[in-house]
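>>> build me a model from this:
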Amino acid sequence: MDLSCQVIYSQFGLAIHQNDHQARRRFVQWAQNEIAAVPDFHKRILFSDEAHFWMNGYVNKKNCLIWSEANPQVYVETPLHPEKLTVWCALWAGGIIGPYFFKNDKGHNVTVNGDRYRAMITNFFIPELNNHYVQELWFQQDGATCHKARASIDLLKDTFGDRLISRFGPVNWPPRSCDLTPLDYFMWGYVKSLVYADKPQTLDHLEDNIRRVIADIRPQMLEKVIENWTSRLNYIRASRGSHMP
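Predicted coordinates:
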C-alpha cells in the first residue's frame, strides 16, 4: 500500500491519515522552537475545547481514542433521546476560564454551532480574559467546523493577532491531535470521573457538579498538566508524529 494513502483507524472509527504525522511533526518542531526561545512559552497557551456531559453518564468516545492500524468495526451506543450539556472551557498554566454552558435565549441547553461559538467568544470569553490582566497569551482551538469558520478565525485574530493556534489560523493545529490538548488528555476525563458520583438526576444538578469540580482544580495540578504537555511534544517528535499510546 502507498504509505501516503495509508489510513489508520482509532478504536472508535476515526480515520487517521499517514499525512497527519507530518503535520504533527511540523507543529511539534514549531512549539519546541518557541520553548527554546521562551522557556515558559507552553505556560502562555490557552487550550480550549467543548465536551458533552450526558445526563445518564454516557461518555463521549471522542475523548477516549485508542489508535489501531486496522478498522476495528466498533459500534458505539448512543442514547436514543439524549439529555446533555455542552460545555466549553479554556485551560492554561494560570487557571481555567469557564465552564461555559451553551444555552439558547430561553435558557434551554443546546449544542454548539458557529453563531453560538462566536457569541460565547464575544460575550463570555473575551470579557473573562480581560479580567485576568495577562498579556501575550496564545489561544488554541481544534479543527471543529465552528472553530475554523472564517468568521470565527477573524474574531479571534482581533484579540490574539498571530498568537492563534487553529486549523486555518496563523499557526496550524494538526488534525486529529486530541493527545496534544490538556482538555482531552486530562480535564474532561478527570471532571467526568467525579461529577456522576452522586448520581445527578437533573441537568441543573449535573451543571452544579461540573462547576464545583472545575472550581476545585488546583493551580498545582494545572502546572503538572502543562509540564506533561512538553513531555508529549518529546514523545511525538521521537516517534515521528505518532499518537500517544
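
>>> can you give me the helices for this structure?
Taking DSSP state H as the test, the helices found in the chain are 18-37, 114-120, 126-131, 145-148, 150-160, 182, 188-195, 203-215, 219-238.

>>> contacts only, for the residue nearest the centre of the chain.
Geometric centre of the chain, nearest residue: Asp49, 3.4 Å, by C-alpha atoms, centre = their mean. Counting by C-beta atoms under 8 Å, 6 or more residues apart in numbering, Asp49 touches 88-89, 141-142, 181, 183-184, 188. Heads up, the C-betas are built off the backbone N, CA and C, glycines and all.

>>> Trp173: what's it in contact with?
27, 140-143, 165-167.

>>> rerun that using 7 Å as the cut-off
Trp173 is in contact with 140, 142-143, 165-167, counting by C-beta atoms under 7 Å, 6 or more residues apart in numbering.

>>> tell me, how many residues neighbour the nearest residue to Gly161 once chain neighbours are set aside?
Distances taken as C-beta to C-beta, 6 or more residues apart in numbering place Pro170 nearest to Gly161, at 7.8 Å, with adjacent residues excluded. Neighbour count for Pro170, taken as other C-beta atoms under 10 Å: 15.

>>> now do Glu128
Neighbours of Glu128 under the rule other C-beta under 10 Å: 13.

>>> check contacts around it.
By C-beta under 7 Å, 6+ apart, the contact set of Glu128 is Ile97.

>>> 10 Å instead?
Glu128 makes contact with 90, 97-98, 100, according to C-beta atoms under 10 Å, 6 or more residues apart in numbering.

>>> low-scoring stretches of this protein, by residue?
1-18, 57-82, 133-134 (pLDDT under 70).

>>> most tightly packed of the helices of the chain?
Among the helices of the chain, the stretch with the highest mean neighbour count (mean count of other C-beta atoms under 10 Å) is helix 182, at a mean of 21.

>>> before we move on, back to that, which among the helices of the chain is found nearest to Asn104?
Among the helices of the chain, the nearest to Asn104 by C-beta to C-beta is helix 114-120 (8.3 Å).

>>> what packs against that closest one?
The helices and strands touching helix 114-120, judged by 3 or more C-beta pairs under 10 Å, 6 or more residues apart in numbering; DSSP states H and E, are strand 84-92, strand 95-101, helix 145-148, helix 150-160.

>>> any chance of TSV for these, columns distance to Glu136?
Shown next, in TSV, are those (distance: least, C-beta to C-beta, whole Å):
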stretch	distance to Glu136
strand 84-92	12
strand 95-101	16
helix 145-148	22
helix 150-160	10
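
>>> which one of the ones you listed lies closest to Phe124?
strand 95-101 (5.2 Å).

>>> and the contacts of the closest one?
Taking C-beta under 10 Å, 6+ apart as the rule, strand 95-101 contacts 46, 48, 50-51, 53, 85-91, 107, 109-110, 112, 120-121, 123-125, 128-129, 131-132, 134, 183, 187, 191, 203, 207, 210-211, 213-215, 217, 219, 222.
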